[in-house]
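*Asks:* Sharing a sequence plus its predicted fold:
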Amino acid sequence: MKEGAGWTIVVMDDEPDIREVIAMSLQDEGYRVLSASDGESGLRLCREHAVQIVLTDIRMPVMDGIQVLKALKSERPEIEVIVATAFGEMQTAILALQHDASDFITKPIGQDALAMALKRARHRYTTRKQIIDYTALLEHENAKTSQELLANLTFQKNLIESAMDGIVGVEPGGSVRIFNHAMEKLLSENRVDVIGKLSLAGLFAPGAYERFMEDLESERHGGKNRLALYETQLMDGAGKPVPVQVSAVVLPDATDGPGIVCYFRDLRDLRRLEQELADQTRILHQDKMMSLGRLAASVVHEINNPLAGILNYIRLMMRRLEKPLPDPQSLDKVRKDLDVVFRETERCSKIVSNLLLFSRKSEPVFSEVDIRELIDRCMLLSGHKLEMSRIQWAISLAADLPRISGDMNQLQQALINLIFNAIDAMPAGGKLQIEARTAEDEHAVALVVSDTGTGISPADMPHIFEPFFSTKAEGYGVGLGLSTVYGIVERHGGKIDVESTPGAGTTFTLRLPVRMSVKT
């Protein structure tokens, strides 16, 4: 029998080609597949059909993947949700796991990664359903005491031992009675050293147990005597803190007091992802500082020329004004000189302001962005470097370009990286063309950067967006530029395409949406 036989899965993605390919692959494995192009349609399918697993893209119209996840966990918490994320969406993947997603996989989706995620989702679904069904049976049979419930759970050893989450059962008085295999792995503790020998308090990091019990008794985290998706810290066998997410319930009172059942989920991988996100942010700023270093020498020369002119004009005006009574002709010349000084000073001010804005480390702020202003800023900073590199450049802007939604600083970084990439590809000079037009579907702006440089070989093409991949000689780059561009474009809900002919040049096309839902 095929692995997917008897399982129904809903695939949510706004790209029909992706839905079709995934559906065909899953149907070959025996799954019953339902498809939806947006979150609202997908939720309707989940309400109308007996669905066990959902595979949803993060970026979708109407409702995004996180909104779908929250709605499903509110209405049908037993459904396992796998989210598909793109490069640069690590923070969103972390948010999905915090809302009890089964797993996340990166796009483009590989067969092996999808198969592994589905295997885990099936296991989680089966285990949870068995526990829910068994608990319902006990309630139906009116189990009267926590002691009876714990005794019955002992007979379900295979069920408990197969659970992916750590399960701890605590009898009245606080002594640990159930400590499953997942808990042994989680804390690197042997159950023989725990069951009957340690209390629940002995599993927690210092100070954490008191807060856990206080919140369990309150109504702040799922109701009185209940905790849902509560984060705290345990201590492993080596005395190291282990971040966990716990759901807990106080069992019905027995003659000697209540017991507690806790379900623990290891958050170390989640914390690792958060660290990776912080590392990505650091790398993004590092790349910006490298670009800033390359701009610095060029900008100094760019500012030096108008400053020299300003000084000369000021000296000239001072001489003209040394006369006791300057004649009208001299005053007219002074006015013209002042106008030149004003324009050149304003130009220097713009260059310095743009450089400071570009260098600033700040949180992304999404707002309306004028593509013309974006290109003007980039050319103000890089125009002189292009001239010094013997590169002719031209700008082509379509009329009535719509504004896009994005972060000006990050988009500036992406465009400057593409310009630098073009400069490096034309060591003997060449031509650079920057074009902006409304994309074919009219819901995005296409920003096109073309050069007449050395081009990219077919062997290198699949790797150009990988971090630290570089075809440049040592000392001429660390391979962050294009991966940074890719991440910024994905973070803006856009797409990036590249066409290249070795020896003839390369064209990068960025498609940036006119409107988008800002990612948290």
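*Replies:* Yep, it's here.
*Asks:* count of neighbours near Q433?
*Replies:* For Q433, the count of nearby residues is 17 (other CB atoms under 10 Å). C-beta: built from backbone N, CA, C; applies to glycine.
*Asks:* Which pLDDT does the model give it?
*Replies:* For Q433, the pLDDT comes out at 95.
*Asks:* Helix, strand, or coil at it?
*Replies:* With DSSP: H, G, I helix; E, B strand; the rest coil as the basis, Q433 sits in strand.
*Asks:* Tell me what it is bridged to.
*Replies:* Note on Q433: beta-bridge partners A394, S450, judged by DSSP bridges.
*Asks:* any weak-confidence spans in the stretch 51-200 of the chain?
*Replies:* Residues of the stretch 51-200 of the chain meeting the criterion pLDDT under 70: 86-90, 132-159.
*Asks:* One more: the stretch 351-500 of the chain?
*Replies:* Using pLDDT under 70, the stretch 351-500 of the chain drops low at 351-364, 441-442, 466-481.
*Asks:* can you do 50?
*Replies:* 473-480 (pLDDT under 50).
*Asks:* quick one: the strands in it?
*Replies:* If DSSP state E, counting those that start in this stretch is used as the criterion, the strands of the stretch 351-500 of the chain fall at 367-369, 391-397, 404-406, 430-438, 444-451, 495-501.
*Asks:* Save those as CSV, and put in distance to C46 too.
*Replies:* Listed next are the strands of the stretch 351-500 of the chain as CSV, based on distance: least, CB to CB, whole Å:
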stretch, distance to C46
strand 367-369, 35
strand 391-397, 45
strand 404-406, 29
strand 430-438, 36
strand 444-451, 30
strand 495-501, 28
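*Asks:* Excluding chain neighbours, what is closest to G430?
*Replies:* Of all residues not flanking G430 in the chain, T452 sits nearest, at 4.1 Å (CB to CB, 6 or more residues apart in numbering).
*Asks:* ok, now M1?
*Replies:* Using CB to CB, 6+ apart, the closest residue to M1 is G30 (7.3 Å).
*Asks:* host element of that neighbour?
*Replies:* For G30, there is no enclosing helix or strand under DSSP states H and E.
*Asks:* Would you quantify the distance from it to G494?
*Replies:* 36 Å (CB to CB, to the nearest Å).
*Asks:* can you check L203 too?
*Replies:* Using CB to CB, L203 is found at 47 Å from G494.
*Asks:* what does A93 give?
*Replies:* 19 Å.
*Asks:* How about L72?
*Replies:* Taking CB to CB, one finds L72 at 27 Å from G494.
*Asks:* who has more neighbours, the two?
*Replies:* Each of L72 and G494 has its neighbours counted (other CB under 10 Å); L72 has more, 26 against 23.
*Asks:* Can you verify my assumption that that one contacts L45?
*Replies:* No: in this structure, L72 is not within contact of L45 by CB atoms under 8 Å, at 11.1 Å.
*Asks:* so what's in contact with the two at the same time?
*Replies:* By CB atoms under 8 Å, 6 or more residues apart in numbering, L72 and L45 have no common neighbours.
*Asks:* was I right about V242 contacting R268?
*Replies:* Yes: if you go by CB under 8 Å, V242 and R268 touch, sitting 6.7 Å apart.
*Asks:* who has more neighbours, these two?
*Replies:* Higher neighbour count among V242 and R268: V242, with 21 against 11, using other CB under 10 Å.
*Asks:* Now do the SS call for the more buried one.
*Replies:* Per three-state DSSP, V242 ends up strand.
*Asks:* check contacts around it.
*Replies:* V242 sits next to 186-187, 233-236, 266, 268 when contact means CB under 8 Å, 6+ apart.
*Asks:* Same check on S247?
*Replies:* Per CB under 8 Å, 6+ apart, neighbours of S247: 222, 227-230, 262-263.
*Asks:* Just the buried ones from those residues?
*Replies:* 222, 227-228, 230, 262-263 (16 or more other CB atoms under 10 Å).
*Asks:* ok, so of these, who is nearest A115?
*Replies:* Y263 (26.0 Å; CB to CB).
*Asks:* Hmm, the closest one is touching M164, no?
*Replies:* No: in this structure, Y263 is not within contact of M164 by CB under 8 Å, at 10.1 Å.
*Asks:* Would you map the helices across the stretch 101-250 of the chain?
*Replies:* Here the stretch 101-250 of the chain has its helices, by DSSP state H, counting those that start in this stretch, at 111-140, 146-154, 157-161, 181-187, 208-217.
*Asks:* Okay, and the residue lying closest to I53 once chain neighbours are set aside sits in which element?
*Replies:* In space, and not counting its chain neighbours, I53 is closest to I9: 4.4 Å by CB to CB, 6+ apart. I9 belongs to strand 8-12 when elements are defined using DSSP H and E.
*Asks:* For the next helix or strand after that strand, what is the distance to the chain centroid?
*Replies:* Per DSSP H and E, the first helix or strand lying C-terminal to strand 8-12 is helix 16-28. Distance, stretch centre to chain centre, for helix 16-28: 25 Å (CA atoms, centre = their mean, to the nearest Å).
*Asks:* What lies in contact with helix 16-28?
*Replies:* 4, 9, 11, 13, 33, 35, 37, 55, 57, 109, 111, 114.
*Asks:* mind redoing it with 10 Å?
*Replies:* Contacts with helix 16-28, where a contact means CB atoms under 10 Å, 6 or more residues apart in numbering, come from 2, 4, 7, 9, 11-13, 15, 31-37, 53, 55, 57, 84, 107-109, 111, 114-115, 118.
*Asks:* Next secondary structure after that helix?
*Replies:* Sequence-wise, the next helix or strand downstream of helix 16-28 (DSSP H and E) is strand 32-36.
*Asks:* quick one, domains of the protein?
*Replies:* 8-130, 152-266, 274-513 (automatic domain parsing).
*Asks:* ok, and which of those domains has the densest surroundings?
*Replies:* domain 8-130 (a mean of 19; mean count of other CB atoms under 10 Å).
*Asks:* State the distance spanning the first to the last residue of that one.
*Replies:* By CA to CA, to the nearest Å, the extent of domain 8-130 from end to end equals 18 Å.
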